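K.L.:
sequence first, predicted coordinates after that:
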Amino acid sequence: MNSRSLAALLALGFGLVAGPVLAATPAAPALLAHQAPLVLNEAASAWILTSTALVLLMTLPGLALFYGGMVRRKNVLSTIAHSTAAMVIVTVLWFIAGYSLSFGTSGAPTNGFIGGLQAAFLNGVTPTTAHSLAPGLPEFLWIAYQLTFAIITPALIAGAFAERMKFSASILFFFLWHLIVYAPICHQVWGGGWMGGLGVLDFAGGAVVHVNAGVAGLVCALVLGPRQGFGRDNMAPHNLAFTAIGTGLLFVGWLGFNAGSAWAADGIAAVAAFNTILAACAAAIGWTAVEWIDHRKPTLLGLLSGIVAGLVGITPAAGFVDPKGAFVIGIICGPACYAGAVWLKRALKYDDSLDAFGVHGIGGIVGALLTGVLATAAINPVAASANLLNQTIGLVAVMAWSAVGTFAILMICKFTTGLRVAKEEEIEGLDYTQHGETIHP
C-alpha cells in the first residue's frame with residue numbers, strides 16, 4: 001500500500017469515528033438582542049458581587065429597621081413585613097418578566113418605552129453571556145445586581161402608606177407596580193429607552209428609584225388619606241435606636257448602590273464612593289441647622305434623616321461630579337428635604353407617614369437637577385452631555401408615568417382587595433390585626 005492510499009484510509013477511519021461526535025456537538029445558541037459574549041473582568045465581577053450583597057442589605061434589614069423604628073409600637077412588624085414582602089415578590093417577578101422588560105429589547109417603536117419578553121424566565125441567559133451594557137460581567141451577576149435596585153424601590157413607597165394599608169393590598173400593589181411602573185421607567189432611563197437616548201443622566205437611581213418611589217408615595221398618601229388621629233394623636237417614633245441602626249446599614253449599603261453603579265472597580269467607582277460619604281454628611285449638617293433654628297433643638301431623627309437625604313441627592317450624580325459638587329448637592333439637599341418633610345407636608349396637610357416623598361422625592365429631584373449643572377467630564381466623560389433641560393424633561397416624564405401608573409394601580413387594589421384596614425383595626429394596630437403578632441416590651 002503506497003503512502004497516498006494509507007493516508008486516505010486513515011482519513012476515512014477518522015471521519016467515521018469523529019463524524020458522529022462532531023455532529024453531536026450543539027452549536028452555540030444565538031445571542032439575544034441585548035446580549036454580548038462574556039469577556040470576563042474578574043476584578044469588576046468581584047466588586048459587583050460585593051455591591052450586590054451591599055444593596056440587598058439596604059432593604060432587609062436596612063430599610064426595614066429604618067422605617068420600623070419610626071412607626072408606633074403597634075405597627076412595627078407590619079412595617080418590616082412591607083420591606084420583606086417587596087423583596088420576595090419583586091425577586092420572583094424579576095425572574096419571570098421584570099428583567100426582560102427592564103433590560104431586554106422589543107421592536108420599534110415600543111423599545112423606547114419597554115423591553116421585550118425574549119429573556120422571560122431568563123431564557124437565553126447562560127454563564128457565558130453578558131449584557132451589552134457590561135460585557136465584562138456575567139449576565140447572571142448583572143441580573144442579580146439590578147434586581148437589588150428593583151427590590152428597594154417599592155419598599156421605599158411603603159413609608160408613605162405605613163400604619164393604614166391592608167397587607168393584601170400592599171402585595172397586589174407591589175406586584176402591579178413593579179411591572180407597570182418600575183420596569184418601563186428602568187428601561188426608558190437605563191435599558192436602551194428614549195430617556196437614555198436623550199442623554200438623561202442618572203448614575204445610580206435618582207430618577208429610576210427615588211423620584212419614582214417618592215412620587216408614588218405621594219399619590220398613595222393622597223389616595224389613602226391620613227391615619228386615624230393624624231394631627232391630633234402622638235405619632236412619635238417608638239424606637240429611634242432601630243432607625244439609627246437602619247440608617248447605618250443604609251449608609252454602608254449605599255456604597256454598593258452608588259460606587260457599584262460604575263460597574264467596575266475603577267476611578268469612577270472610587271470618586272462615587274467618596275462623594276456618597278461626603279454628600280450624606282453635608283446634608284445632615286444642612287438638615288440639622290435648619291431644624292435647630294426651626295425647633296430650637298437638634299434631634300437624632302433629624303441627623304439620621306439628613307444623612308438619608310444626602311444619600312438620595314447624590315445618587316444620580318455620584319459618578320458624574322467631583323467632591324466639590326457632591327458637597328454642594330449635600331448641603332442643598334438637607335434643607336430642601338427638611339422643607340419637603342416638614343413645611344410642605346404641614347402646609348398641604350397630607351399624611352406621608354415616613355416622608356417617602358419629602359426625602360426621596362424631593363431629594364431625588366434636587367439631585368437630578370443639580371447633576372445637569374454640576375456634572376463634569378473631568379470625572380466621567382459621559383458627563384460632557386449633561387444639561388439642565390434634559391434632566392428636567394426626564395424628571396417630568398418619570399413623575400408623570402409614576403403618578404398615573406400608581407393611581408391606576410391603587411384603583412385596582414381599591415376595587416379588589418380594598419386599600420385600608422377598618423378604623424377599629426387601625427386603632428388596635430396592624431401588627432396584630434393583619435399578622436396576628438405583636439412586638440413585646
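P.N.:
Nice, I can see it. Numbering: from 1, shown residues only.
K.L.:
and residue 35, backbone torsions?
P.N.:
Phi and psi for residue 35, reported as degrees, to the nearest 10, are phi -100, psi 160.
K.L.:
can you classify the spatially most central residue of the chain as helix, strand or coil?
P.N.:
Geometric centre of the chain, nearest residue: residue 149, 3.3 Å, by CA atoms, centre = their mean. Applying DSSP: H, G, I helix; E, B strand; the rest coil to residue 149 yields a three-state assignment of helix.
K.L.:
do you know the pLDDT at it?
P.N.:
If you check residue 149, the pLDDT there is 98.
K.L.:
quick one: contacts for it?
P.N.:
Residues in contact with residue 149 (CB atoms under 8 Å, 6 or more residues apart in numbering) are 55, 186, 205, 208-209, 257. For every residue, glycine as well, the C-beta is placed using N, CA and C.
K.L.:
ok, of the residues you listed, which one's closest to residue 347?
P.N.:
Residue 347 has its nearest neighbour among the contacts of residue 149 in residue 209, at 26.4 Å by CB to CB.
K.L.:
how about the secondary structure of that closest one?
P.N.:
Classified using three-state DSSP, residue 209 is helix.
K.L.:
can you count the residues close to it?
P.N.:
25 (other CB atoms under 10 Å).
K.L.:
nearest spatial neighbour of it, skipping sequence neighbours?
P.N.:
residue 153 (4.9 Å; CB to CB, 6 or more residues apart in numbering).
K.L.:
would you say that neighbour is within a helix?
P.N.:
Yes: applying three-state DSSP, one finds residue 153 inside a helix.
K.L.:
pretty sure residue 337 contacts residue 311?
P.N.:
No: using CB atoms under 8 Å, residue 337 is not in contact with residue 311, being 10.6 Å away.
K.L.:
spit out the residues that contact the two alike.
P.N.:
Here residue 337 and residue 311 have residue 283 as joint contacts, going by CB under 8 Å, 6+ apart.
K.L.:
circling back to that earlier point, got the contacts of residue 149 as a markdown table, with pLDDT and distance to residue 139 columns?
P.N.:
As requested, the contacts of residue 149 are exported to a markdown table (pLDDT from 0 to 100; distance: CB to CB, whole Å):
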| residue | pLDDT | distance to residue 139 |
| --- | --- | --- |
| 55 | 98 | 18 |
| 186 | 98 | 16 |
| 205 | 97 | 20 |
| 208 | 98 | 20 |
| 209 | 98 | 22 |
| 257 | 98 | 20 |
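K.L.:
kindly write the PyMOL command that selects the buried subset of the residues you listed.
P.N.:
To isolate the buried members of the contacts of residue 149 in PyMOL, using 16 or more other CB atoms under 10 Å:
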select buried, resi 55+186+205+208+209+257
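K.L.:
could the contacts of residue 149 go into JSON lines alongside distance to residue 407?
P.N.:
Below are the contacts of residue 149 laid out as JSON lines (distance: CB to CB, whole Å):
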{"residue": "55", "distance to residue 407": "29"}
{"residue": "186", "distance to residue 407": "20"}
{"residue": "205", "distance to residue 407": "22"}
{"residue": "208", "distance to residue 407": "19"}
{"residue": "209", "distance to residue 407": "20"}
{"residue": "257", "distance to residue 407": "28"}
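K.L.:
which ones are touching residue 29?
P.N.:
When contacts are counted by CB under 8 Å, 6+ apart, residue 29 touches 124, 126.
K.L.:
spit out the contact partners of the residue nearest to residue 209.
P.N.:
Applying CB under 8 Å, 6+ apart, the residues near residue 153 are 182, 205, 208-209, 212-213.
K.L.:
reformat these as CSV; add distance to residue 300.
P.N.:
Shown next, in CSV, are those (distance: CB to CB, whole Å):
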residue, distance to residue 300
182, 32
205, 27
208, 30
209, 26
212, 29
213, 24
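K.L.:
and the furthest pair within these?
P.N.:
By the measure CB to CB, these have their two most distant members at 182 and 205, which lie 10.8 Å apart.
K.L.:
can you list the low-confidence ranges for the stretch 1-150 of the chain?
P.N.:
Filtered on pLDDT under 70, the stretch 1-150 of the chain yields the residue ranges 1-28.
K.L.:
now the strands for it?
P.N.:
Here the stretch 1-150 of the chain has its strands, by DSSP state E, counting those that start in this stretch, at 35-37, 129-131.
K.L.:
name the helices or strands packed onto the last one?
P.N.:
Looking back up the chat, that one is strand 129-131. Under the contact criterion of 3 or more CB pairs under 8 Å, 6 or more residues apart in numbering; DSSP states H and E, strand 129-131 touches strand 35-37, helix 139-161.
K.L.:
just to revisit the earlier point, so which of the strands of the stretch 1-150 of the chain is the most packed in?
P.N.:
Greatest average neighbour count among the strands of the stretch 1-150 of the chain goes to strand 129-131 (a mean of 24), per mean count of other CB atoms under 10 Å.
K.L.:
residues making contact with that one?
P.N.:
Strand 129-131 has contacts (CB under 8 Å, 6+ apart) with 31-32, 34-39, 103, 136-139, 142.
K.L.:
who wins for neighbours among those residues?
P.N.:
Most neighbours among the contacts of strand 129-131, by other CB under 10 Å: residue 139, with 27 neighbours.
K.L.:
ok, it touching residue 125?
P.N.:
Yes: Residue 139 lies in contact with residue 125 (CB under 8 Å); the separation is 5.1 Å.
K.L.:
among the contacts of residue 149, which one lies nearest to residue 355?
P.N.:
Proximity of the contacts of residue 149 to residue 355 was ranked by CB to CB; the top entry is residue 209 with 15.8 Å.
K.L.:
isn't the closest one up against residue 152?
P.N.:
Yes: counting by CB under 8 Å, residue 152 is a contact partner of residue 209 at 6.8 Å.
K.L.:
what's the longest helix that the chain contains packed up against?
P.N.:
Counting residues, the longest helix in the chain under DSSP state H turns out to be helix 267-295. With contacts defined as 3+ CB pairs under 8 Å, 6+ apart, helix 267-295 has these neighbours: helix 240-258, helix 300-314, helix 323-338.
K.L.:
switch the cut-off to 10 Å
P.N.:
helix 42-57, helix 240-258, helix 300-314, helix 323-338 (3 or more CB pairs under 10 Å, 6 or more residues apart in numbering; DSSP states H and E).
K.L.:
thinking again about what came up before, so what sits against both of residue 139 and residue 125?
P.N.:
By CB atoms under 10 Å, 6 or more residues apart in numbering, residue 139 and residue 125 have these common neighbours: 32, 35, 99, 119, 131.
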